[in-house]
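[1] Got a predicted structure plus its sequence, pasted below:
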Amino acid sequence: MRLKFIPFLFLLSLPLLPAWAQSSSKYTLDLRADKANPVVSDALYIAQVVDLRLNQNNIGWVQGGMYENRILANFRHDFKQELTSFVQAASPRKPNAHPILMCVRELQVAEHAKQTHQTASAELVVDYLYQQSNGYHLVAHTAEAVTSKSLGDATAYHEYNLVKILNQSLAKLASINLEQVVATAPAMTWEEVLGSTNRTQANYPIMADEVLRPGVYATFQEFRNNAPSLIGTIDVEKAALQGNG
């Protein structure tokens, strides 16, 4: 009887397992539209989300399990469907508002487990385009990054981080004067839009500066801006690796 009873107990415990334990191959994230801030001005609305990410297979990775293994993360629904629901909640279409294309060049999450804490991070790079008869005009380029720190499991912070950087990006779009920006922004063909990923990334100071500043970059944003926060004399101590990945 014991051999038959033990599997029964195991089956009863399955609903209690966290998401990463139920599927060792992926972790599912939900982007809640009710957390979107209605920040986009009356003059603009997001007409379409365009996925221009180099890697469209996932949105990054989290860590889980006994050895904190890396597990690929993705939205529960289609990428464009998740983002469209969110941005439409933030920028509902209003009369006489101008349509804006939201071209997502990068959106990813990551997670790191350290001896004293865990961190959950998220990054977002977006080009906002306005189409006219002569082509597409880049009216705003935003690059957002955020990191949350937890003494326990940091996985639960990923949804919060994604909502935060999306709201920040949309708030920057809302602050522009469309007429002034379009007057100075050169028109591009759609082929030029698709091929501008490398040029967009090259705008970061780390790509343009001829000299790397001495120090340690504590975050990816510091590295991208070539602005290390840890400078001066730095002592490096060796520590034994724990877990996998």
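    The structure has been received and is ready for your questions.
[2] Looking at the protein, which helix is longest?
    When every helix of the chain is counted residue by residue (DSSP state H), the longest turns out to be helix 158-174.
[3] ranges for the strands of this structure?
    26-29, 44-51, 61-64, 69-75, 98-113, 118-132, 135-150, 187-188 (DSSP state E).
[4] So what touches the shortest one?
    Around strand 187-188, the neighbours that count as contacts under Cβ atoms under 8 Å, 6 or more residues apart in numbering are Gln132, Asn134, Gly135, Tyr136, His137, Leu138, Ser196. Any C-beta I mention is one placed from the backbone N, CA and C, and that applies to glycine too.
[5] Quick check: nearest residue in space to the third one, chain neighbours excluded?
    Computed as Cβ to Cβ, 6 or more residues apart in numbering, the closest residue to Gly135 that is not its neighbour in sequence is Ala187, at 3.3 Å.
[6] quick one, domains of the chain?
    Residue ranges for the structural domains of the chain, counted by automatic domain parsing, are given in the record as 19-197, 204-245.
[7] Quick check: mean pLDDT of the first one?
    Read it as domain 19-197. Throughout domain 19-197, pLDDT has a mean value of 88.
[8] chain center to that domain, what's the gap?
    Using Cα atoms, centre = their mean, to the nearest Å, the mean C-alpha position of domain 19-197 is found 5 Å from that of the whole chain.
[9] Surely Arg70 is in contact with Gly60?
    No. Arg70 is beyond contact range of Gly60, at 9.6 Å (criterion: Cβ atoms under 8 Å).
[10] Residues that sit against both of those two, list them.
    Both Arg70 and Gly60 lack any common contacting residue under the criterion Cβ under 8 Å, 6+ apart.
[11] So which of these two has more stuff around it?
    Residue environment comparison for Arg70 versus Gly60 gives the larger neighbour count to Gly60, 20 against 16, counting by other Cβ atoms under 10 Å.
[12] Could you give the bridge partners of the more buried one?
    Counting by DSSP bridges, Gly60 forms beta bridges with Val109.
[13] residues contacting Pro92?
    Contacts were defined as Cβ under 8 Å, 6+ apart; by that measure Pro92 touches Pro38, Tyr45.
[14] Many thanks, I have nothing further to ask.
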